[in-house]
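Q: Output the structure for:
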Amino acid sequence: MSADLELQKAIRAALVADGGVTALVPASKILDMNAAPAPNPSIILGESQVIDNGSSLAGDHEQIVHTLHIWKEEASLVGVKGIASAIRGALAGRLSLPAPYHVAGQKVASARFLRDPDGVTSHGVVTLEVLISGDAP
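A: I've put the predicted structure just below:
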């Protein structure tokens with residue numbers, strides 16, 4: 001069992017359960033995939049980084065930084081900013097993970113908005129930071 005994988009599942013579950021998110025991006029377009037071009041609109045569960053937090057002598061804390069990529073065909077950045085706001089709302093509460101993991105803290109650390117070089121697509125990148133305690137059995 002991996003805290004990183006369990007976190008990814010929990011993030012997707014929180015997004016597809018949130019009406020504010022799914023009003024903007026259908027649940028079927030909230031994906032863990034690598035495709036070009038990305039479906040329009042979509043939220044792609046992106047890269048993650050696992051960092052030994054070092055906050056416990058037991059070594060049972062990890063900080064996980066996870067990115068979410070937002071894609072939408074639009075002339076402006078309005079749509080991706082709206083989706084990012086909905087994501088922030090959906091991830092405002094503490095995520096629930098299966099035992100032996102526990103979310104000790106989480107925050108949406110940043111959101112960036114970019115115009116894709118194709119001239120048609122807007123792209124947002126939301127970064128979530130999560131502190132997880134618990135060892136794999």
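Q: List the neighbouring strands of the worst-scoring helix or strand of the chain on mean pLDDT plus their orientation.
A: Within the chain, confidence by mean pLDDT, DSSP states H and E is lowest for strand 42-52 among all helices and strands, at a mean of 92. Here strand 42-52 is paired, per DSSP bridges, with strand 30-31 (parallel), strand 61-73 (antiparallel).
Q: got the contact list for S76?
A: S122 (C-beta atoms under 8 Å, 6 or more residues apart in numbering). Every residue, glycine included, has its C-beta placed from N, CA and C.
Q: Let's see the pLDDT reported for it.
A: If you check S76, the pLDDT there is 93.
Q: got the buried residues for stretch 10-28?
A: A10, I11, R12, A14, L15, V16, D18, V21, T22, L24, V25 (16 or more other C-beta atoms under 10 Å).
Q: Next, the buried residues of the least confident helix or strand of the chain.
A: In strand 42-52, counting by 16+ other C-beta under 10 Å, buried: S42, I43, I44, L45, G46, S48.
Q: how about JSON lines for these, with distance to E129 added?
A: Below are these laid out as JSON lines (distance: C-beta to C-beta, whole Å):
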{"residue": "S42", "distance to E129": "23"}
{"residue": "I43", "distance to E129": "18"}
{"residue": "I44", "distance to E129": "19"}
{"residue": "L45", "distance to E129": "15"}
{"residue": "G46", "distance to E129": "14"}
{"residue": "S48", "distance to E129": "11"}
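Q: Okay, now stretch 69-84: how far is its last residue from its first?
A: For stretch 69-84, the first-to-last residue distance is 9 Å (C-alpha to C-alpha, to the nearest Å).
Q: now do stretch 68-83
A: End residues of stretch 68-83 are separated by 11 Å (C-alpha to C-alpha).
Q: now swap in stretch 95-107 and tell me
A: This stretch, stretch 95-107, spans 11 Å end to end (C-alpha to C-alpha).
Q: same check, this time on stretch 91-99
A: End-to-end distance for stretch 91-99: 20 Å, by C-alpha to C-alpha.
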